[in-house]
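Engineer: what would the 3D arrangement of this be:
(chains A and B)
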Amino acid sequence: MSLLRFTAADLVKAPSGRDARRRRADRFMRGIMFVTAAIAVVPLIGLILYIITNGLPFLTSQLIVNSPLDIEPGISNAIIGSLQLTIASIILAAPVGIAGGVYLNEFASPRVSSAGELLIDVMLGTPSIIAGLFAFLVVVPALGFSGYAAIVALSVLMIPIVMRTTQEVIRLVPAGVREASLALGIPVWKTTIFVTCRTAASGLLTGVVLAVSRGLGETAPLLLTAKGTNDTEILNFGSTMNAMPIVIYRYSSSPDSLLIGQAWATALVLLVIALTLNVLVRFRTVNNRVA
Amino acid sequence: MAEEKGKKMKRSEANTVGSTNASKTASPAARPAGAAAKASEGSLNLQNLEVFYDKFRAVNNVSLNIEPKKVTALIGPSGCGKSTLLRALNRMHETIPNATVKGTITLDGIDVYGPLVDPVRVRRVIGMVFQKPNPFPTMSIFGNVASGLRLAGASSKGEIAGIVEESLKKAALWNEVKDKLNEPGTSLSGGQQQRLCIARAIAVRPEVILMDEPCSALDPIATLKIEELIRELRTEYTIVIVTHNMQQASRVSDSTAFFSMGEDRGGYLVESGLTPQIFTAPTQQLTEDYVAGRFG
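Structural biologist: As a prediction, this is how the structure comes out:
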């Protein structure tokens, strides 16, 4: 039997040492990949379980319904604050990010486009505290510690995320789709909005959700801007506001075991909100996807 | 009807500016459903046409008359500028940066590159079907056909439904899709998708339909159906078709224009004429060699 060339008769011969070695190597590689995958997943699951076990005992209805000033204190003002700040920021960031991404892909000259991409990369890599510092130095002197300053900081973080995702999904729209529209005599602006963006709609939504998730969890910029408060502020962006990450940060470093427990519970609430949002969007996009 | 008449007047006014020959171009969008088009509508004339990508001349000095309500095939080896020429006819090449045109193209006597002419409007009069079927992925079958009407505004809901049905019937697709108009256009087979694209193109009632190798991505049976469709459509539309398949050119076209590539890699027109003549008694040796399959 030659080493390199097999004949049909070789197929029924007993496995050689070579075959056994190959099978061992196969098993070994598969084992290594399983272990590395486990290394990635286990801490994540561990983290979630840890948050659940520590937070669940403190996750009562009064925690969610009551404010910190009530006799049985809760974190309702932080939940309300986080939602308001995130929604207000995304209302600002989504149109800017989507329009900017579409512009860079569809209309900008190659030079402007590559300069824009570089800028997005830089902004994506900027630590969030820098965004907070920016709002702290620019907005806080004018408006004081406030929801407005927090919205500016969060938007600065969200815009590049939306922009980058927009660019990536718009790029995936086949050129033939745009051509078909233009060849029907549909003007460029309508082609861009009603054909190109519509084709990429689920991807655009994904970008917005990514940005919202990021905004929900940001802590550093909020400490420098919204600052945190025990009052409940509704649509009063001119005042200091509370948010869940601020609560987690402040309570977890407190000596009071009730507050530490509430910090864990707040983390659990934050996790559930972010997860629900992602699942909802995934469900929606899967349903809407046209094969 | 009153609304349609208004549109018609507006359109012809715009086209009349700077031209004495405008009475021929009644607005196709305003043409009442089912009305017979004038026999002379949709004739294209190319004079000394040159198309450039930056400095590269892809099409070199082409003069060609395209008869109305006939099928004209553009044939020739790869890279000889057929598709480029086709895209110049409805100004689609302008979507490519740095593409420019010299010479004139007239539709029923009106210069489509005239200073007052809007390319968006040109494309409504001269529609296009592409090589790969390209239905809008997020739109239903109905939505695809209606897209041109909806996105250009104007038509009412009832009107749109009527035009969609009529267009799908003309594209020989109605019987296959009438029970699933709300399903996505991309759920159809390749051949059906291409007929959907043809229906979408005729829904905006063009005078001319350009087809850029419309069957090259299709199987033989789907190809046959499209060819039958092309032969039926020529009673109402001027059709210009680019094809690599010479049997196809001889089957579907009335006239044929044969292009080749010059030494500067620019495409030029070798000869044009009635299809039987080009295929059986061409005047140029190059044409004879090509149609006989000796090169290209």
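
Engineer: for chain A, what's its nearest residue on chain B.
Structural biologist: In chain B, the residue that lies nearest chain A is B:Arg124 (3.2 Å; C-beta to the nearest C-beta). Just so you know, the C-beta spots here come from the backbone N, C-alpha and C atoms, and that holds for glycine as well.

Engineer: give me the contact list for stretch A:192-203.
Structural biologist: By C-beta atoms under 8 Å, 6 or more residues apart in numbering or on different chains, the residues outside stretch A:192-203 that reach it are A:98, A:102, A:106, A:165-166, A:168-170, A:172-173, A:177-178, A:180-181, A:186, A:204, A:284-285, A:288-289, B:136-139, B:147, B:151.

Engineer: 6 Å instead?
Structural biologist: A:Glu106, A:Val169, A:Ile170, A:Val173, A:Val177, A:Arg178, A:Ser181, A:Thr285, A:Asn288, B:Pro137, B:Thr138, B:Leu151 (C-beta atoms under 6 Å, 6 or more residues apart in numbering or on different chains).

Engineer: with stretch B:235-253 instead?
Structural biologist: Residues contacting stretch B:235-253 (C-beta under 6 Å, 6+ apart): B:37, B:42, B:68-69, B:71-75, B:82-83, B:86, B:208-213, B:227, B:230, B:256, B:275, B:279, B:291.

Engineer: again, but for stretch B:155-170
Structural biologist: For stretch B:155-170, contacts defined as C-beta under 6 Å, 6+ apart pick out B:Ala33, B:Phe142, B:Val145, B:Ala146, B:Leu149, B:Trp174, B:Ala199, B:Ile202, B:Ala203.

Engineer: pull out the buried positions in that stretch.
Structural biologist: B:Ser155, B:Ile160, B:Ile163, B:Val164, B:Glu165, B:Glu166, B:Ser167, B:Leu168, B:Lys170 (16 or more other C-beta atoms under 10 Å in any protein chain shown).

Engineer: and if you look at stretch B:238-248?
Structural biologist: Residues of stretch B:238-248 classed as buried: B:Thr238, B:Ile239, B:Val240, B:Ile241, B:Val242, B:Thr243, B:Asn245, B:Met246, B:Gln248 (neighbour count, 16+ other C-beta under 10 Å).

Engineer: that stretch spans what distance, first to last residue?
Structural biologist: Its first and final residues considered, stretch B:238-248 spans 17 Å by C-alpha to C-alpha, to the nearest Å.

Engineer: check stretch B:279-287 too.
Structural biologist: End to end - C-alpha to C-alpha - stretch B:279-287 spans 8 Å.

Engineer: next to chain A, which bits of the stretch 1-150 of chain B? Give me the list.
Structural biologist: Residues of the stretch 1-150 of chain B lying near chain A by C-beta under 6 Å from any C-beta of the partner chain: B:Met92, B:Thr95, B:Val120, B:Arg123, B:Arg124, B:Met128, B:Lys132, B:Asn134, B:Pro137, B:Thr138, B:Gly148.

Engineer: where is pLDDT lowest across these?
Structural biologist: Lowest pLDDT within the residues of the stretch 1-150 of chain B next to chain A is found at B:Thr95 (87).

Engineer: residues in contact with it?
Structural biologist: A:Leu182.

Engineer: how far away is it from B:Gly262?
Structural biologist: 26 Å (C-beta to C-beta, to the nearest Å).

Engineer: tell me which element residue 64 falls in.
Structural biologist: The chain I'm using is chain A. For A:Ile64, the host element (DSSP states H and E) is helix A:61-65.

Engineer: other chain: chain B
Structural biologist: For B:Leu64, the secondary-structure element it belongs to, assigned by DSSP H and E, is strand B:56-66.

Engineer: dump the residue contacts of A:Met123.
Structural biologist: Counting by C-beta under 6 Å, 6+ apart, A:Met123 makes contact with A:Pro160.
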